[in-house]
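Novice: Provided below are the primary sequence and the corresponding predicted coordinates.
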Amino acid sequence: VAFVVCRSLEGLKTFSFLEELILDNNLLGNDLLLPRLPHLHTLTLNKNQISFQRNTYKILLDHLAEVVPSLQYLSLLGNMACPNELVCKEKDEDDYQRYRYFVLHKLTNLKFLDTRKVTRREREEALVRGAFMKVVKPK
C-alpha cells in the first residue's frame with residue numbers, strides 16, 4: 001500500500017507491481033496521468049479536483065481503463081465528477097446513478113465504485129445505456 005502526498009506522479013512508474021494506491025486530497029484534476037500499473041486493483045482519488053467536463057472526464061476514464069486494467073475498486077468521492085448529494089445539494093440519487101452507469105461503461109472490471117458494490121443490474125444497464133448517461137438531469 002502506498003500513501004502518497006504528491007505534486008507529481010512521475011515516480012510511480014518504478015512501482016509496477018503496486019496493487020493499492022491512495023491519492024486522496026492531492027489537488028489532482030482531469031489531466032491526471034498514471035503510468036501503466038498492471039497489478040493495481042484499488043485506486044482512491046477522493047477529494048481532488050476531478051470534474052465532470054464531458055470530454056476530459058471521458059479521456060480520464062479511458063486512460064484509467066488502459067493503464068490500470070486490473071482495477072476493481074475506484075473511489076471518486078468528494079470530486080465534482082461524483083455527484084453525491086452530501087457534497088453538492090443540487091444533486092440527487094438519480095444524478096449519482098447516472099454517474100455510476102457512465103463510469104461502469106468505461107471501466108467494465110470494477111467491482112466497487114465509491115462505497116458501493118457494483119450490482120449485476122448496474123453492469124447490464126451500463127453496457128446498454130452507459131455511454132449516453134450524463135450527470136445532468138434530463139428535461
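Specialist: Right, received. Where do you want to start? Since the structure is predicted, the reported quantities are computational estimates derived from the model, not experimental observations.
Novice: Only C-alpha atoms from now on, for both contacts and neighbour counts.
Specialist: Will do.
Novice: ok, now which ones touch residue 35?
Specialist: 10, 12, 13, 67 (CA atoms under 8 Å, 6 or more residues apart in numbering).
Novice: Give me the below-cutoff pLDDT ranges for the chain.
Specialist: The model of the chain has pLDDT under 70 over residues 1-8, 54, 85-88, 134-139.
Novice: same thing but at 50, please
Specialist: 2, 4, 135, 137-139 (pLDDT under 50).
Novice: how about the strands in it?
Specialist: For the chain, applying DSSP state E gives strands covering 2-3, 20-22, 42-44, 73-75, 112-113, 116-117.
Novice: Quick one: distance of the second one to the chain centre.
Specialist: The offset between the C-alpha centroid of strand 20-22 and the centroid of the whole chain comes to 13 Å, using CA atoms, centre = their mean, to the nearest Å.
Novice: and that strand, which strands flank it?
Specialist: In the sheet, strand 20-22 lines up against strand 2-3 (parallel), strand 42-44 (parallel) (DSSP bridges).
Novice: what sits up against the last one?
Specialist: By CA under 8 Å, 6+ apart, the list of residues contacting strand 42-44 from outside reads 19, 20, 21, 22, 23, 24, 71, 72, 73, 74, 75, 76.
Novice: swap the cut-off to 6 Å and go again
Specialist: Strand 42-44 is touched from outside by 20, 21, 22, 23, 73, 74, 75, with contacts defined as CA atoms under 6 Å, 6 or more residues apart in numbering.
Novice: Show me which residues of it are buried.
Specialist: Residues of strand 42-44 classed as buried: 42, 43, 44 (neighbour count, 16 or more other CA atoms under 10 Å).
Novice: distance of the second one from residue 93?
Specialist: In this case it means residue 43. 23 Å (CA to CA, to the nearest Å).
Novice: which residues touch residue 130?
Specialist: Counting by CA under 6 Å, 6+ apart, residue 130 makes contact with 101, 102, 105.
Novice: Please repeat the previous calculation with a cut-off of 8 Å.
Specialist: Listed by CA under 8 Å, 6+ apart, the contact partners of residue 130 are 98, 101, 102, 103, 104, 105.
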